[in-house]
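Student: Dropping a prediction and its sequence here:
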Amino acid sequence: MDYEAVIGLETHVQLKTKSKMWCGCANAFGSPPNTNVCPVCLGLPGVLPVANEEALKLTVLTGLLLNCQIPARAKFDRKNYFYPDMPKNYQITQYDQPSTANGYLDFEFNGGIARVHITRAHLEEDVGKSFHFERNSGVDFNRAGVPLMEIVSEPDLTSADMAYAYLNALVEILRYGNISDGDMEKGMVRCDVNVSVRPQGAKELGAKIEIKNMNSFSGVRRALEYEIPRQIEVLKKGGKLIQSTRRWDDEAGITEEMRTKEHAHDYRYFPDPDLMPFAPTEPWLAEVKSRAVELPLARKQRFVKDYGLPASDAELFKNNVELGNQFEKGVQQISKQAQGETKAKQVKLVANLIINNRSTLPEAQPYPITEIVNLAVLVQNNTVSGSNAQQIILPELMITGKSAQTVIQEKGLAQVSDTGTIEKFCDEAIAANPGPVADFKAGKTAALNFLKGQVMKSSKGKANPALVGEILERKLKR
């Protein structure tokens, strides 16, 4: 019998706010232990929480970017559970009335577009962090009360690779929207995995196995690559899987059982009596909607469709937003001076110039996109060779701030397009290389490239390569 995996992910994301969820303490990573704390986040008697409005806005913004519905009313609940690093011994979260619900995320996978439905993205608070030493343990409450958003997917994922692609696409959206830095090394993104297996084509879900608190996307993928075959092997041997929670041992590359769960845990949720329900107004929602950004996938698709870029170039401009923005400024400039095929060629030249020289992007001065466009025009007009433009002129103008024309003149890089001069170079190359000449005449067309290289070498890269090819071929076919 063949089996299939059913996977759902619960992704916990720290929000990019200046202060914590219920108090004014700093939301800052790396501070000395227990320095960003107050009576509220330490859970002392008599304190009252006050919701962080920016965290509410970022949660709703996430919902908009994930195509979610934004309910007219949301509320906060107490989730009662023993947390050794949560001083209140309950977590303020959202249960049956979250801030967002019923969305979806489209992302690239296996050469196409996959869709995973989003059950909800709700707002809660993070817990502190426990440290265990040789003879005792300690808790740092700096993280306790930091705004935490939990994004719950439907069980639409079917493989470890698909889960990995989904997580990367999700965090990319959060970074685009300036919702979270998504730095996994700082614990800003953590993931719980729910995975079961069932006979291929069956409708009923198998026993859900939860793998807790993964702190890397590669760890999620590796855990699933181990856990899915493990479950299938149990069933094939006639065993029974029981709902349970497991932990991932990254060094050993295995999951280990922590506890079994015959029934769902009763967290005794009830509305938090200290917090009013949240009902967003139309002006408030309009302000959040104004912060919505173009999604990464939509940006890539637009660059391919509107600018005729290959997918690899569009992917780079999707990943490096600043480079993509500069490229679009260049396209706007080109559109003012060229149309049709000329415009299309200049757009492609500008893209190549930016991509191939992206490592020299100046940090302390404006990006010279105007001069990059001018350089592309000079290449298209055969004023300068493409190789010299890439290797010499562009790096020089980016470093010095000089114009492309000035660099060309100072370095004597103007391309030679005079037919008589190029014919002389071609005659010299033919006379000096009888072997490749004979090869070309015998039908080995690749020999022409060698001869073109000799001409370019003799002309110090200044000869118009297109003209060189035409003249060489004409002379050799006599």
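Tutor: That came through, no problem.

Student: Residues contacting the longest helix along the chain, please?
Tutor: Assignment by DSSP state H gives helix 217-236 as the longest helix of the chain. Outside helix 217-236, the residues that touch it by Cβ atoms under 8 Å, 6 or more residues apart in numbering are 1, 3, 5, 7, 9, 159-161, 163-164, 167-168, 184, 191, 193, 195-197, 206, 209, 211, 214, 240-241, 246, 248, 250, 253-255. All C-beta spots, glycine's among them, are computed from the backbone N, C-alpha and C.

Student: now, which of these lie within helices?
Tutor: 160-161, 163-164, 167-168.

Student: Please convert these to CSV, extending it with distance to Thr383, pLDDT and neighbour count.
Tutor: Listed next are the ones in helices among the contacts of helix 217-236 as CSV, based on distance: Cβ to Cβ, whole Å; pLDDT from 0 to 100; neighbours: other Cβ atoms under 10 Å:
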residue, distance to Thr383, pLDDT, neighbour count
Ala160, 53, 97, 21
Asp161, 48, 97, 14
Ala163, 52, 97, 25
Tyr164, 47, 97, 20
Leu167, 48, 97, 25
Asn168, 43, 96, 15
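
Student: Select, from those, the two members most distant in space.
Tutor: Using Cβ to Cβ, the pair of the ones in helices among the contacts of helix 217-236 lying farthest apart is Ala160 and Asn168, separated by 13.0 Å.

Student: who's in contact with Val197?
Tutor: Taking Cβ under 8 Å, 6+ apart, one finds 3-6, 206, 228, 231-232, 235, 241 in contact with Val197.

Student: give me the beta-bridge partners of it?
Tutor: Ala5 (DSSP bridges).

Student: Skipping its backbone neighbours, what lies nearest Met258 in space?
Tutor: Thr245 (4.8 Å; Cβ to Cβ, 6 or more residues apart in numbering).

Student: what about the residue nearest to Ala432 when sequence neighbours are not counted, how many residues close to it?
Tutor: Among residues not flanking Ala432 along the chain, Gln454 sits closest, at 7.2 Å (Cβ to Cβ, 6+ apart). When counting by other Cβ atoms under 10 Å, one arrives at 19 neighbours for Gln454.

Student: In contact with Gln454, which residues?
Tutor: 429, 432-433.

Student: Show me what whichever strand or helix holds Ala344 is packed up against.
Tutor: Using DSSP states H and E, the element containing Ala344 is helix 340-356. Packed against helix 340-356 by the contact rule (3 or more Cβ pairs under 8 Å, 6 or more residues apart in numbering; DSSP states H and E) you find helix 311-319, helix 321-335, helix 369-380.

Student: of all the ones you listed, which lies closest to Ile408?
Tutor: The nearest among those, by Cβ to Cβ, is helix 369-380 at 7.1 Å.

Student: Can you tell me what sits against the next helix or strand after that closest one?
Tutor: Later in the chain than helix 369-380, the nearest helix or strand by DSSP H and E is helix 386-388. By Cβ under 8 Å, 6+ apart, the residues outside helix 386-388 that reach it are 349, 379, 413, 415, 461.

Student: can you pick the most crowded of those?
Tutor: Val379 leads these on contacts (other Cβ under 10 Å) with 24 neighbours.

Student: Quickly note the distance from that residue to Ile334.
Tutor: Separation of Val379 from Ile334 (Cβ to Cβ, to the nearest Å): 13 Å.

Student: residues shared between the contacts of these two?
Tutor: With Cβ under 8 Å, 6+ apart, Val379 and Ile334 have no common neighbours.

Student: so who does Lys289 touch?
Tutor: Per Cβ under 8 Å, 6+ apart, neighbours of Lys289: Leu64.

Student: Next, it: phi, psi?
Tutor: phi -60, psi -30 (degrees, to the nearest 10).

Student: can you map out the strands along the stretch 1-150 of the chain?
Tutor: 3-14, 77-80, 90-93, 101-109, 112-125, 129-132, 137-140, 147-153 (DSSP state E, counting those that start in this stretch).

Student: how close does the nearest residue in space to Val40 that is not next to it in sequence sit to Leu297?
Tutor: Spatially, and ignoring its direct neighbours in sequence, Val40 is nearest to Cys23 (3.8 Å; Cβ to Cβ, 6+ apart). Here the criterion is Cβ to Cβ. By it, Cys23 lies 37 Å from Leu297.

Student: Alpha carbons of the helix or strand containing Asp306, as CSV, please.
Tutor: According to DSSP H and E, Asp306 maps onto helix 296-307. Presented in CSV, the C-alpha positions along helix 296-307 are these (Å, rounded to 0.1, in the frame of the first residue of the first chain):
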residue,chain,number,x,y,z
PRO,A,296,7.3,39.0,-3.8
LEU,A,297,5.8,36.5,-6.2
ALA,A,298,3.7,39.2,-7.9
ARG,A,299,6.8,41.3,-8.2
LYS,A,300,8.7,38.6,-9.9
GLN,A,301,5.8,37.8,-12.3
ARG,A,302,5.5,41.5,-13.2
PHE,A,303,9.2,41.8,-14.0
VAL,A,304,8.9,38.9,-16.4
LYS,A,305,5.7,40.0,-18.0
ASP,A,306,6.3,43.8,-18.2
TYR,A,307,10.0,43.9,-18.8
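
Student: please begin residue numbering at 372 from this point
Tutor: Sure, I'll start numbering at 372, so the last one becomes helix 667-678.

Student: what's it in contact with?
Tutor: Contacts of helix 667-678 (Cβ under 8 Å, 6+ apart): 477-479, 484, 540, 543-544, 547, 665, 680-682, 684-686, 688-689, 695, 702, 718, 722.

Student: For ChimeraX, what selects the buried ones among these?
Tutor: Selecting only the buried entries of these in ChimeraX, with 16 or more other Cβ atoms under 10 Å as the criterion:
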select :478,479,540,543,544,547,680,684,685,686,688,689,695,702,718,722
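
Student: ok, how many other residues are close to Leu668?
Tutor: Leu668: 17 neighbours (other Cβ under 10 Å).

Student: With Ile484 as the reference, measure out to it.
Tutor: Counting by Cβ to Cβ - Leu668 and Ile484 are separated by 8 Å.

Student: Ok, Ile544 next?
Tutor: Counting by Cβ to Cβ - Ile544 and Ile484 are separated by 15 Å.

Student: Retrieve the pLDDT associated with the nearest residue to Ala747 once chain neighbours are set aside.
Tutor: Once flanking residues are discounted, Ala747 sits nearest to Leu720: 3.8 Å by Cβ to Cβ, 6+ apart. The model reports Leu720 with a pLDDT of 94.

Student: which residues touch Leu720?
Tutor: Leu720 sits next to 747, 750-751, 757 when contact means Cβ under 8 Å, 6+ apart.

Student: what about the residue nearest the centre of the chain, helix or strand, and which?
Tutor: Centroid check for the chain by Cα atoms, centre = their mean gives Glu543 as the closest residue, at 3.5 Å. Applying DSSP H and E as the criterion places Glu543 in helix 531-547.

Student: Please state the offset of stretch 541-550 from the chain centre?
Tutor: Here the centre of stretch 541-550 is set off from its chain's centre by 8 Å, with Cα atoms, centre = their mean, to the nearest Å.

Student: That stretch - what's its average pLDDT?
Tutor: 96.

Student: Since that was my last question, I'll sign off now.
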